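Asks: only geometry, no sequence info:
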């Protein structure tokens, strides 16, 4: 996967979650995106503890 594909995936996920926030929750967009990214980061760490280390290893290799 290239960095362009990963960026497109994350941008699509962010747009979908921003729409859900705007339609149903009603929080300010910047705060909602920050909270969602925090929850996704915590989920990635949690999955790392469960043995799904490939995602974290892939993210580290991108950096």
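Replies: Alright, I've got the coordinates. Here the structure is a predicted model, which is why all the values come from computation and not from measurement. Numbers count the residues shown, from 1 in each chain.
Asks: nearest residue to residue 36 in space, please, no chain neighbours.
Replies: Excluding its sequence neighbours, the residue lying closest to residue 36 (C-beta to C-beta, 6 or more residues apart in numbering) is residue 17, at 5.1 Å. Any C-beta I mention is one placed from the backbone N, CA and C, and that applies to glycine too.
Asks: neighbours around that neighbour, how many?
Replies: 18 (other C-beta atoms under 10 Å).
Asks: list the helices and strands the host helix or strand of it packs on?
Replies: In the assignment (DSSP states H and E), residue 17 maps to helix 3-20. Contact here means 3 or more C-beta pairs under 8 Å, 6 or more residues apart in numbering; DSSP states H and E; on that basis helix 3-20 packs against helix 29-49.
Asks: low pLDDT regions in this structure?
Replies: Across the chain, the ranges flagged by pLDDT under 70 are 1, 55-56.
Asks: cutoff 90 now
Replies: Where the chain drops to pLDDT under 90, the residues are 1-15, 17-18, 20-21, 25-27, 29-37, 39-63.
Asks: got the contact list for the residue nearest to residue 36?
Replies: 32, 33, 36 (C-beta atoms under 8 Å, 6 or more residues apart in numbering).
Asks: of the residues you listed, just the buried ones, PyMOL syntax please.
Replies: Per 16 or more other C-beta atoms under 10 Å, the buried members of these correspond to this PyMOL selection:
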select buried, resi 32+36
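Asks: need the contacts of residue 17 in a markdown table (columns: distance to residue 24).
Replies: Output for the contacts of residue 17, formatted as a markdown table (distance: C-beta to C-beta, whole Å):
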| residue | distance to residue 24 |
| --- | --- |
| 32 | 11 |
| 33 | 15 |
| 36 | 13 |
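Asks: so which of the contacts of residue 17 comes closest to residue 21?
Replies: residue 32 (4.1 Å; C-beta to C-beta).
Asks: ok, the closest one to residue 13 distance?
Replies: 13 Å (C-beta to C-beta, to the nearest Å).
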